[in-house]
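Novice: Predicted model and sequence below, questions to follow.
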Amino acid sequence: MRTLILTSLFVMLVIFSGAIVAQTQIQSGKFSANKSVEGYTLDQNVGDRSMTMDVTFVKPFDKKPSITLSVIMIDAETKTNIRYNVEASSISRDGFTIKISTWSDTKILGIAGNWMAYAQ
């Protein structure tokens, strides 16, 4: 009986210490794009248009992180609807790609936002 109690306490100690060692990794940054960025076409023509921006983490993550994006500024032509999509793709331990898209007759003159990468 005493051995069972000691074994149970040891197992609980190992599980608890593993939870303490597990650490959340977080990195964050900003992105912005406008006509001064090479390949920027979100302010021209009509139809589907997109551009990508590569982000490299300062320190690689231990495992592939989750990415959260937010748009904090958009400058667009006022005569049309504002249509845009911002998404993360090609996510790895070393970085990811931000894809900014628009469509129809929307003309985006500039767009900016924040990103956050996190993993446990």
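Specialist: That came in fine, so what should we check first?

Novice: Run through the residues that contact the residue nearest in space to the middle of the chain.
Specialist: In the chain, the centroid-proximal residue (Cα atoms, centre = their mean) is residue 67; its distance is 3.1 Å. Shown in contact with residue 67 (Cβ atoms under 8 Å, 6 or more residues apart in numbering): 88, 91, 96, 115, 116, 117. Placement of C-beta: from N, CA and C, glycine included.

Novice: Which of the residues you listed are buried, as a PyMOL select command?
Specialist: The following PyMOL line selects those of the contacts of residue 67 that are buried, judged by 16 or more other Cβ atoms under 10 Å:
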select buried, resi 88+91+96+115+117
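
Novice: related to what we said a few turns ago, work out for me the element the residue nearest to the centre of the chain sits within.
Specialist: Taking DSSP states H and E as the criterion, residue 67 maps to strand 66-76.

Novice: who's in contact with the closest residue to the residue nearest to the centre of the chain other than its chain neighbours?
Specialist: In space, and not counting its chain neighbours, residue 67 is closest to residue 88: 4.0 Å by Cβ to Cβ, 6 or more residues apart in numbering. For residue 88, the contact set (Cβ under 8 Å, 6+ apart) comprises 67, 69, 96, 97, 98, 99, 115.

Novice: The third one: which element?
Specialist: Secondary structure assigned from DSSP H and E places residue 96 in strand 95-102.
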